[in-house]
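S.K.: 3D, please:
(chains A and B)
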Amino acid sequence: MAVINRIFEAPRYRPNLSLRLELRPILYVTGAAVVVLALLQVVQTSDVATTSFAMRRQERERLELQTRVRQMEAEVASLSSLGRVQQEAQARLGLVPPGERRSLRVNAPAPAPEELLPTRFAPTRVAEGDGGGSPWWRDALKLLPFY
Amino acid sequence: MARRSHRLNWRMALLILTLGIGVVAVVARLAQVQIVRHEYYAQRAEEEHLHQTVVREPRGSILDRNGYPLATTVTTFDVYVDPRSWREPATALRGAAALAPLLGRAPADLLSAVAAQAQGDYLAARGVDAQIGLDVLDAAPAGVTAVSASRRHYPEGDVASALLGFTGRDQVGLTGIEADFERELGGVPATVYFERDGLGNPIPFGRRLGDTPIAGGDVRLTIDRHLQRLADQALDRAVEAHKATGGTIIMMDPKTGEVLAMASRPSFRLSQLNLQDAAQGDFYRNRAVTDTYAPGSLIKTITMAAAIDSGLVTPDSTYYDVGVESVPGASIRNWDLSSHGTVTATEILQYSLNTGAVWLSSALGPDRFYDYLHRFGFAEETHAGLGGEAAGLLRTNQDEGWCECDLATNSFGQSIAATPLQVITAVAALVNGGELMRPYIVREVDGPDGRQVSEPVVVRRVVSEGTAQTLVEMMNAVVDGVPSHLAQVPGYRIGGKTGTSTFTDRSTTIASFIGFAPVEDPRFIMLVKIDESQDDRLGGLVAAPVFAELAPQILTYLGVYPNDAALVERDR
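M.R.: Prediction:
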């Protein structure tokens, strides 16, 4: 008859051999990560270069547009200058300064002066309806945070 | 086994001491560098790494009263070549071949100039037109950079040169309105720091520190470009015709104090400005406000106004002119050494009698006379807003060295110094019902500090409205009441007074005339002053014709029709 009252030994921890790390997948993952990081770096660098180029191009376009606006303003100013008006009147239209002056009063309103000046130089005028301020919905939007 | 001793021997102690001192020294130095002088070294590092530059927005424009630009800004380019990029001969040849035609230079010249540049970039061209600069940017030759700059452009040419002034190469105002309103026109520049690489080029997406520059605004003057041009041209003609050394013309709206035109000679021309020429330095100031002169007989209007306002005389009061008035220290004679017998107060002005002016001033007494001169604004700045304004000189009975002869000579405008702007402002008070207006030349400023609009300012009442109206009629009698007066303008009633001031050290004179029109409702007042005419000497011969030439043009421009104009009905 077997003796059954012997003391059972506590199960001893034994490492599971199936969990043992294998080097090859780690290398694959690491390699892939390095490749991804490298590509990311390349993409970022490329993106920076592209964005930088686009910025330069847009800055150049802005500079060109600003230059042309100022050129045109100066051109309008030169074309409307008194010296040029006199030159055109005398050289092209053949006008001469008046000798004897004769004044006639005409009881008719004078025509309105033409708008010759660039907007930037023209006297400030408040358009009709501009005095009402911003609409109510815009004021309401301003109450929102971060608006 | 022998026991090893742990006792320090002197060698070990010395080593430890040395190392200890070394460690303490290193730590102390680190503490000094990183803690004590942290700011200094951090700044040095930043300076090494960051480049600093001052950035400006384009300068604002100077406009006339109707918004036409008298000075504005256009974009230009400065073209630079980096000599390091042209070390390779093939690259340099290609670059020079592309750049030289755009700049109008020979490629060989450009190559040799770039090669001779020892340090830094070579400035191939400064301030080239915008189109050329853009072409350079388009062509983009290796090592070539076109940097945006700006230049002042004057659409009306040399009109109002001394008044407008000019800017330096850095676009900072140096004289005239450009300097007086530097902040408003030039805005607020900003210092910007950006990261740079070893070659000094900005690093894309590098740090960029600093403020944003605030753009300059426009300054709108009270000057009317048409009237200013008339004044400039007329003054040039008069100075040339009389071979004079200079002159001044000022036009003003007597009711508001707005200066409509201001021209003075000798002056410079904006189109021929040469800052390298030191001889031009004397021409840069605006003599209408910086230089004083003896106003001469123009002051008789002030003397007469004071006497009438004090109730001493009326236009019909009589004075017996024997041709000389004796005062302690001097005998005053009339300008033509004549005597007229019994004359009225109006005739004193018509004949411009020095003796009559002396009679009036002695009746007034020095206290009252100088009080009136001060009330009319003499010996104080007008505060017109222009830089370098002179206050003038006036020696009164309160000052040391004054004598009664001063009172006598002051009464007809000698021994007194005033700017042309002071003189026209004073006489304009008579035309404006007795109220002295503060002259002003800037109507509106739209600068970094917001929009500011100038309004007419009444400084003070100088004489009663009745006195002022009386003087207007008397000044009308001076012009229209004297046959063949050279200031008369057909169809209009003109008021005015001539002036001829003399020098003690030479025989030449300053000939002047101040006039206004129309008498019924004066729309403008104008002072014409011609310095040291080489032919005629009198204001009535030299300056009055200039007024008569300009007045009808001004009145036509202002829409004032002559009294004799025929009315044409619309339905005819």
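S.K.: Go ahead and produce CSV holding the CA coordinates of the helix ranked longest in chain B.
M.R.: The residue-count maximum for a helix in chain B (DSSP state H) belongs to helix B:10-31. Extracted in CSV, the C-alpha atoms of helix B:10-31 (Å, rounded to 0.1, in the frame of the first residue of the first chain):
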residue,chain,number,x,y,z
TRP,B,10,53.3,63.5,0.9
ARG,B,11,53.3,62.5,-2.7
MET,B,12,49.7,61.4,-2.6
ALA,B,13,48.7,64.4,-0.6
LEU,B,14,50.2,66.7,-3.2
LEU,B,15,48.5,64.9,-6.0
ILE,B,16,45.1,65.1,-4.3
LEU,B,17,45.7,68.7,-3.5
THR,B,18,46.6,69.5,-7.0
LEU,B,19,43.6,67.6,-8.4
GLY,B,20,41.4,69.2,-5.9
ILE,B,21,42.6,72.7,-6.8
GLY,B,22,42.1,71.8,-10.4
VAL,B,23,38.6,70.6,-9.8
VAL,B,24,37.7,73.7,-7.8
ALA,B,25,39.2,75.9,-10.5
VAL,B,26,37.2,74.2,-13.2
VAL,B,27,34.0,74.4,-11.1
ALA,B,28,34.7,78.0,-10.3
ARG,B,29,35.2,78.8,-14.0
LEU,B,30,32.1,77.0,-15.0
ALA,B,31,30.1,78.8,-12.3
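S.K.: That helix packs against which elements?
M.R.: Packed against helix B:10-31 by the contact rule (3 or more Cβ pairs under 8 Å, 6 or more residues apart in numbering or on different chains; DSSP states H and E) you find no helix or strand. Every C-beta, even on glycine, is put in place using the N, C-alpha and C of the backbone.
S.K.: And for that helix, what's in contact with it?
M.R.: Applying Cβ atoms under 8 Å, 6 or more residues apart in numbering or on different chains, the contact partners of helix B:10-31 are residue B:8.
S.K.: Swap in 10 Å and give it another go.
M.R.: Helix B:10-31 has contacts (Cβ atoms under 10 Å, 6 or more residues apart in numbering or on different chains) with B:8, B:36-38.
S.K.: How far does that helix sit from its chain's centre?
M.R.: For helix B:10-31, the distance from its own C-alpha centre to the chain's C-alpha centre is 71 Å (Cα atoms, centre = their mean, to the nearest Å).
S.K.: Kindly report the same for stretch B:283-293.
M.R.: 9 Å.
S.K.: May I have the distance across it, first residue to last?
M.R.: 17 Å (Cα to Cα, to the nearest Å).
S.K.: tell me the contacts of residue B:175?
M.R.: So residue B:175 contacts B:161-168, B:268, B:281, B:283-286, B:387-388 (Cβ under 10 Å, 6+ apart).
S.K.: By mean pLDDT, which helix or strand of the chain comes out lowest?
M.R.: If you meant another chain, say so; for now it's chain A. helix A:136-142 (a mean of 69; mean pLDDT, DSSP states H and E).
S.K.: returning to what we had before: just the buried residues of the contacts of residue B:175.
M.R.: The neighbour count (16 or more other Cβ atoms under 10 Å in any protein chain shown) marks B:161-167, B:268, B:283-286, B:387 as buried among these.
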